[in-house]
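In: Could you work out the structure for the sequence below:
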Amino acid sequence: MKRSNRLLAILTACLLLAGCGAAPAPSGGSGAAGAESETAQVTLPTASGGLEALGRDTAFGSGNSSGYYYLSTLDGGAFLLRYIDYATGQDLPLCSQPNCSHSGETCPAWFAYSGTSANVYATDQQVFVTFNGSPWDSDAFAEYGEAALPRLLTLAPDGSGRREVARFGAADAFSSTPAAGDGTFYTIVIDYGEGEGSGEKRIAAIDLATGKVTTDNSVQRREMRIVGAAGRELVLQSMVSDTLSAYAAYNVDSGELRDLYNSAEPVSAACRDGALILLETKTGTLRCIQIATGQETTLSTDLFSGRSLDFVTLAFVTDAGYVVQAHEDRTAYNFLIDQTGKTTRQELFADSTDPCDKLRMLDIFAQPGGDYLVAPSRSYRTVKVPGPNGVSYGIDEPVHDFALISQADFWASKPNYRPVTRLE
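Out: Down below sits the predicted model:
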């Protein structure tokens, strides 16, 4: 079987209430807004609002202040949009139609398979679903036609008003987590065509009202992606070698690019509250760079004191401190670094039905209020996804048993979980 891991590099993220539950009432409707595209060095829309990076916690799904959205893969490859309501503690399809089977186009939570991966991103005002394109898979276009193109859809937080806003070309693919603000959706598109312009990266700005697409190809950096946003700037990460990264701020109004940090040694990074946080993965030193001003502060930690760690990653930044994931003695752990630099190894793990599932440290899927959304256990089910020449293949779809845990209990390694009830 193939394990589905919708990886960030190509936005491939690993991802049923029959007439009951309390999902917000959706309405039907699917209208396509054609995307008018133009390429220029610097012609992005000018606006005054701040930007918000989307999908900051994990690639699996995305949360807002009310709940968490994620896509589940069904037999046949279709996606079902599910929603975790923080207020009710329920995990359910984003559909309130009576007696709905959640198995076809009449269900507002159901999205047809089109030969490409999909992701969901949420703000308090809007939910975005991206179909990321399959330019490397000619079979997808032969089977699904224009549905296999990279596309952006929007819907209301309750699932109503689904609308296709924009689509891109057959040689294109979305290659980054996005950002949004002031009526515009920002992402990075790569041209995988064989002719002139092959491999070109374009920062795309999609007007959510009109569907007009404006792109800027002036920034061409290796493995470039959006990792944060502050004010009117996107934070771009790129690779300068196999192990060293560079970070820059890109102004969406002027197209100006200014360097924030060029690493002299390997770092792992995250953005939060207008700052770029960098963990030196060989020393454990944390650097905090204010995106607006470039001001930098450092925090020495005891992460490596008495420990031999491998595969060190800054996984999450929280109000309480920093969650680092690493291997010690061939076991993966969360290491919790508080605001003073003191490190504690967390002893909470996720149960799994797969004996080969070795990455069982507790992931934070979202941070609602003073709580964290986590998954203390998970199982896998095999679903059939269409392949070339009419042959289907099986993938192992993770099924997470979600729960909420207080920030204090998470940091004290106390398993005081408040389970989320899954409804089909």
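
In: all contacts plus neighbour counts: C-alpha atoms, from now on.
Out: Noted.

In: Give me the distance between Glu397 and Lys358.
Out: 16 Å (Cα to Cα, to the nearest Å).

In: what about those two, which has more around it?
Out: Legend: neighbour count by other Cα atoms under 10 Å for Glu397 and Lys358, higher for Glu397 (21 against 12).

In: can you confirm the more buried one is in a strand?
Out: Yes - under DSSP: H, G, I helix; E, B strand; the rest coil, Glu397 falls within a strand.

In: which ones are touching Phe131?
Out: Listed by Cα atoms under 8 Å, 6 or more residues apart in numbering, the contact set of Phe131 reads 116-119, 148-152.

In: out of the residues you listed, which one sits closest to Pro388?
Out: Taking Cα to Cα as the measure, Pro388 lies nearest Thr116 of those, at 12.8 Å.

In: That closest one and Asp137 touch, don't they?
Out: No - using Cα atoms under 8 Å, Thr116 makes no contact with Asp137, being 9.0 Å away.

In: Between these two, point out the one with more neighbours.
Out: Of the pair Thr116 and Asp137, Thr116 is the one with more neighbours under other Cα under 10 Å, namely 22 against 13.

In: The more buried one: what secondary structure?
Out: Look at Thr116: counting by three-state DSSP, its state is coil.

In: give the contact list for it.
Out: By Cα under 8 Å, 6+ apart, the residues touching Thr116 are 131-134, 140, 148.

In: Tell me where the stretch 251-400 of the chain is predicted with low confidence.
Out: When residues are selected by pLDDT under 70, none of them lie in the stretch 251-400 of the chain.

In: ok so, going back, give me the subset of the contacts of Thr116 lying in helices.
Out: Ala140 (DSSP state H).

In: just the contacts of Thr116: which has the poorest pLDDT?
Out: Ranked by pLDDT, those bottom out at Ala140 (86).

In: so how far is Thr344 from that one?
Out: The gap separating Ala140 from Thr344 is 48 Å, by Cα to Cα.

In: Just want to know which of these two has more residues nearby.
Out: Neighbours per residue, other Cα under 10 Å: of Ala140 and Thr344, the larger number sits with Ala140, 22 against 17.

In: Wait, the more buried one touches Pro150, no?
Out: No - under the criterion of Cα under 8 Å, Ala140 is not in contact with Pro150, lying 11.9 Å apart.

In: Between the two, which contacts overlap?
Out: Each of Ser134 lies in contact with both Ala140 and Pro150 under the rule Cα under 8 Å, 6+ apart.

In: What are the buried residues along stretch 91-109?
Out: 91-97, 100, 102-103, 107-109 (16 or more other Cα atoms under 10 Å).

In: Please apply the same query to stretch 326-337.
Out: Using 16+ other Cα under 10 Å as the test for burial, stretch 326-337 gives 326-327, 332-337.

In: count of neighbours near Thr340?
Out: 11.

In: and of the buried residues of stretch 91-109, the nearest to Gly284?
Out: The closest of the buried residues of stretch 91-109, once distances to Gly284 are taken by Cα to Cα, is Asp91, at 37.1 Å.

In: need the contact list for the closest one.
Out: 82-85, 420-423.

In: what's across from it in the sheet?
Out: Under DSSP bridges, the beta-bridge partners of Asp91 are Ile84, Arg422.

In: any idea how far it is from Gln367?
Out: 16 Å.

In: Could you give the bridge partners of Lys201?
Out: Going by DSSP bridges, Lys201 forms beta bridges with Ile190.

In: Let me know whether it touches Thr187 as I believe.
Out: No - using Cα under 8 Å, Lys201 makes no contact with Thr187, being 10.4 Å away.

In: Of those two, which one has the most company?
Out: Lys201 (27 against 20).

In: contacting residues for the more buried one?
Out: So Lys201 contacts 188-191, 217, 219-220 (Cα under 8 Å, 6+ apart).

In: And Gly274, by the same measure?
Out: Gly274 makes contacts with 229-231, 290-292, as judged by Cα under 8 Å, 6+ apart.

In: Among the residues you listed, which one sits closest to Tyr250?
Out: Taking Cα to Cα as the measure, Tyr250 lies nearest Ala229 of the contacts of Gly274, at 9.1 Å.

In: what about the closest one, how many neighbours?
Out: By other Cα under 10 Å, the burial measure for Ala229, its neighbour count, is 29.

In: and if you look at the one 10 residues further on?
Out: The tally of other residues near Met239 (other Cα under 10 Å) stands at 17.

In: Do I have it right that it meets Gln220?
Out: No - Met239 is not in contact with Gln220 according to Cα under 8 Å; the separation is 11.3 Å.

In: Return the closest of the contacts of Thr116 with respect to Ser263.
Out: Using Cα to Cα, those come closest to Ser263 at Asn132, 30.1 Å.

In: For that closest one, grab the count of nearby residues.
Out: So Asn132, with other Cα under 10 Å, has 27 neighbours.

In: ok, now how distant is it from Thr298?
Out: Using Cα to Cα, Asn132 is found at 37 Å from Thr298.

In: quick one, phi/psi of the closest residue to Met239 other than its chain neighbours?
Out: Counting by Cα to Cα, 6 or more residues apart in numbering, Ser245 is the residue found nearest to Met239 once chain neighbours are left out, at 4.4 Å. Dihedral pair for Ser245: phi -120, psi 160, per degrees, to the nearest 10.

In: does Ala246 belong to a helix or a strand, and which?
Out: strand 245-251 (DSSP states H and E).

In: Please pull up the helix or strand immediately following that strand.
Out: Using DSSP H and E, the first helix or strand after strand 245-251 is strand 257-262.
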